[in-house]
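**Q** structure, please.
(chains A and B)
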Number of protein chains: 2
Amino acid sequence: MSDLDRALERADANHEASLERLFAWLKIPSISTDPAYRHGCREAADWLKRELGGLGFSASARETPGHPIVLGSMLKPSAPTVLFYGHYDVQPVDPLEKWTTPPFEPRIIEGGGKKVVVARGSSDDKGQVMTFVEACRAWLETTGSLPLGVTIMIEGEEECGSTNLPAFLEEAKDELAAQVALVCDTTMWAEGKPAITSSLRGLIYEEVTVIAADRDLHSGMYGGAARNPLHVLSAIVAALHDESGRVTVAGFYDGVPETPEEVREQWRGLGLDADAFLKPIGLAIPAGESDRMIIEQIQSRPTCDVNGMWGGYTGAGAKTVIASEAHAKISFRLVGDQDPAAVRDAFRAFVRERLPADCRVSFEGHKGSRAIRVPFYSPALSKAGAALADEWGVAPVTIGSGGSIPVVGDFKRTLGLDTLLVGFALDEDQIHSPNEKYDLESFRKGTRSWIRILAALAS
Amino acid sequence: MSDLDRALERADANHEASLERLFAWLKIPSISTDPAYRHGCREAADWLKRELGGLGFSASARETPGHPIVLGSMLKPSAPTVLFYGHYDVQPVDPLEKWTTPPFEPRIIEGGGKKVVVARGSSDDKGQVMTFVEACRAWLETTGSLPLGVTIMIEGEEECGSTNLPAFLEEAKDELAAQVALVCDTTMWAEGKPAITSSLRGLIYEEVTVIAADRDLHSGMYGGAARNPLHVLSAIVAALHDESGRVTVAGFYDGVPETPEEVREQWRGLGLDADAFLKPIGLAIPAGESDRMIIEQIQSRPTCDVNGMWGGYTGAGAKTVIASEAHAKISFRLVGDQDPAAVRDAFRAFVRERLPADCRVSFEGHKGSRAIRVPFYSPALSKAGAALADEWGVAPVTIGSGGSIPVVGDFKRTLGLDTLLVGFALDEDQIHSPNEKYDLESFRKGTRSWIRILAALAS
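**A** I've put the predicted structure just below:
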């Protein structure tokens, strides 16, 4: 039996125990955007540091001005090194009432011939990180070493913009030296069909506050004469898209590349129509640019979405108030060479132009990242692709991703590394939503996939 | 010294003690719209029942399916009877962080040569109710009786639509028999200038929920293709008014009477311009129908306002979610013969017409009342007007009110009573807002005004 086969067999034998380890990590509420969970973030970092230390990694939790970054290192003389990246922080859990089980009490739920782990972070990203850690465990427990050098870097601020990561990359440049970066924070093409992600949309995220009167007003007394900031903000939001679904912010499409016709042709062949993509979430009509395929709308075209909006009375019953302020969180997904700073400026100008002269507006910018494209063809990608084909019995698809993983750009800029994005989550895993889940098959075969990829990259 | 003078003098002597009584009542958090304060409502009702009982009224707290109605009665053989109405329930207090003192810990605050009581309910309506109760006390403590029969009815559901009042009026018809109704829940024209309110706008209040996908979605994965209900709702809200400020709901202006030119002329004479009305609240540009004077916008014209709106992520930081649902509380102020049911139907049709085919909408109707007009000229109004002129040294203005007091219509329909609306609150009292207040002069001279009005109506 080859070393590879023994490692794969060991991973299968470890399956139950590896789930227990994952559950222990999932129980720690490491919500990075909410200061109330600062302690949970540290606990999740410490848990992983101990886990990696126990496997023989030289492991530490590095302080940052925000949440710590966990670093684990096991180099191999005269072998190449891979830098694996993931994150231990998770999204907030609200609306809590929509969870069928508590978000930080992971459960295995069976149904439709499948078993899934339900918990916040199960898919994004603790479950995915653990596929790699368990792959290392399987190698270490069978051969006593890894096929090649591995540095694991797991941060705690991915869900709030990775604010402190670029400075850390700069600072720890030497420790992070590698030949290729691996990221496990993306999805498969579909159940049973693996994918390697080759492009990622960028993101800017703005919080807008429109202020009208200097206090909340009684609508009986002032209604009609006093400007209602919720009307103003609604009109601004309504104006962000035209009837064809195009974003109307001036210059927004500057730097957006046209997808080559042969690629669009290839995408057409995937047969992803509105029914296939939208029916599972209870929708039917694509909401994006009406002259674009749905796969373009979600992968290669930039978008704008209101992620949250609030103002006035939102409690039970009726209160006849005219609010003083109205708020919205608005984000833009960017592609190609769109410049986050230029889009931000144009958006702010767009809002200001539509503001009545006696209203004020304030902006808070949360995130900004350019879109990322990783090379379509590279030796690492070919080797990983072959390893995935061996595991899943079907060749992986090379896809673009609608989401943003800004660190990929930082890896290139600061460390000179290309990144291989391989993930095992599924579109229906409800990441960032209530009842986030991770398929047990994603976890099991994901672990096995990394065992194979490590062997392939070492060759 | 006349009985009237002795009663007025007693009221002044009672001033400090009467404030203490008011404070005791203000300390009870009787928020009727929030079930969490059910106990506070009962406590406020019981407090008033004891207060009236102590004055010699035959007093009781009558059960309803909602909050109790306090009834106090002291009839006088062969004298007319007045039915006084007010409410002990108060508005919710949020945003709590904008209060400079806790809403249920009343304080006297001095500034700009004035003293005011700051507390939720100080102006709307506990402080106003107490002007009448203290007026009765002054009469009772000096002459041992009231100038005429008085029935006091104070409800606990005015802020949530007076749901159970109509049935109670029907049931207690005989006990409530009177010659005229008095309501103290309105404002003066300005500081030092009393007013009698002769018209009230009606109200409908709708809660709208737009539902798109069957779960919250990750905007990276679905953004562009999945319908965002906050965009849909914003477009609907933005469409409710045209550029001239007119409400665009079909048939909305049916039944809206044109104000006679001589009345508009009179209103012009009041000199209420944008600066005078809007500057004190930090605004400058009237937001209503651009071809109407500001006094029309707030008194004689119907309006539409979003009172609350929410959806998606509203916590700290950035969450890239596309919400499943978006919500708005939307109310319409009605005038003349506008039919609340017809406006509600037209509004719901307006929303449905603008709904993408794969979205759903649900409505919850909170309130519905027609606009009210009380006679411009009546013996009671003349007598009360003269009494107010005696107290304030200036004749009262007869005005329309932008607010809604549906009970006035019920008094007419069920009890056959015309209503005299006299109130001492000021526009700047921030009712329904943080830091609600009541001027000590409103309280003191309001009490004295009722002493005079009771004497005048008895004559």
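**Q** just how off-centre is stretch A:400-419 within its chain?
**A** 12 Å (CA atoms, centre = their mean, to the nearest Å).
**Q** mean confidence score for it?
**A** Stretch A:400-419 shows a mean pLDDT of 85.
**Q** can you check stretch A:444-457 too?
**A** Stretch A:444-457 comes out at a mean pLDDT of 98.
**Q** again, but for stretch A:295-315
**A** 93.
**Q** do it and chain B meet at all?
**A** Yes: against chain B, stretch A:295-315 shows contacts by CB under 8 Å from any CB of the partner chain at A:297-298, A:301, A:303, A:305-315. Every residue, glycine included, has its C-beta placed from N, CA and C.
**Q** might one say that residue A:201 is in contact with residue B:219?
**A** No: the criterion here is CB atoms under 8 Å, and residue A:201 misses it with residue B:219 at 9.8 Å.
**Q** need the three-state assignment for the closest residue to residue A:450 other than its chain neighbours.
**A** Nearest in space to residue A:450, with sequence neighbours left out and distances taken as CB to CB, 6 or more residues apart in numbering or on different chains, is residue A:135 at 3.5 Å. With DSSP: H, G, I helix; E, B strand; the rest coil as the basis, the three-state label of residue A:135 is helix.
**Q** can you check residue A:310 too?
**A** Following three-state DSSP, the label given to residue A:310 is strand.
**Q** thinking again about what came up before, now the residue nearest to residue A:450: how far from residue B:336?
**A** 75 Å (CB to CB, to the nearest Å).
**Q** and the two? Which one has more around it.
**A** Per other CB atoms under 10 Å in any protein chain shown, whichever of residue A:135 and residue B:336 has more neighbours is residue A:135, with 28 against 20.
**Q** quick check: the farthest pair among the residues of stretch A:295-315 next to chain B?
**A** A:301 and A:315 (38.5 Å; CB to CB).
**Q** how about the residues of the stretch 351-459 of chain A that lie near chain B?
**A** So the stretch 351-459 of chain A meets chain B at A:356-358, A:366-367, A:401-404, A:427, A:430-435 (CB under 8 Å from any CB).
**Q** I'd like to know which of the residues you listed are buried.
**A** A:356, A:358, A:366-367, A:401-404, A:427, A:430-435 (16 or more other CB atoms under 10 Å in any protein chain shown).
**Q** between those, which is nearest residue B:70?
**A** The closest of these, once distances to residue B:70 are taken by CB to CB, is residue A:358, at 43.1 Å.
**Q** and the closest one, how far from residue A:85?
**A** Distance from residue A:358 to residue A:85, by CB to CB: 49 Å.
**Q** same question, residue A:157
**A** 13 Å.
**Q** more neighbours, the two?
**A** It is residue A:85, of residue A:157 and residue A:85, that has more neighbours when counted by other CB under 10 Å, with 28 against 22.
**Q** once you drop chain neighbours, what's closest to the more buried one?
**A** Of all residues not flanking residue A:85 in the chain, residue A:183 sits nearest, at 4.9 Å (CB to CB, 6+ apart).
**Q** beta partners of that neighbour?
**A** residue A:85, residue A:421 (DSSP bridges).
**Q** now do the contacts for whatever residue of the stretch 351-459 of chain A ends up closest to chain B.
**A** Across the stretch 351-459 of chain A, the shortest distance to chain B (CB to the nearest CB) belongs to residue A:403, at 2.9 Å. Residue A:403 makes contact with A:186, A:200-201, B:218, B:220-221, according to CB atoms under 8 Å, 6 or more residues apart in numbering or on different chains.
**Q** dump those residues into TSV; add secondary structure and neighbour count as well.
**A** Formatted as TSV, these follow (DSSP: H, G, I helix; E, B strand; the rest coil; neighbours: other CB atoms under 10 Å in any protein chain shown):
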residue	secondary structure	neighbour count
A:186	coil	21
A:200	strand	32
A:201	coil	30
B:218	strand	23
B:220	helix	24
B:221	helix	24
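**Q** mind picking the two most distant members of these?
**A** Within the contacts of residue A:403, A:200 and B:218 form the most distant pair, 13.4 Å apart (CB to CB).
**Q** tally of neighbours for residue A:459?
**A** The burial count for residue A:459: 8, using other CB under 10 Å.
**Q** residues touching it, list them.
**A** Applying CB under 8 Å, 6+ apart to residue A:459 gives the contacts residue A:383.
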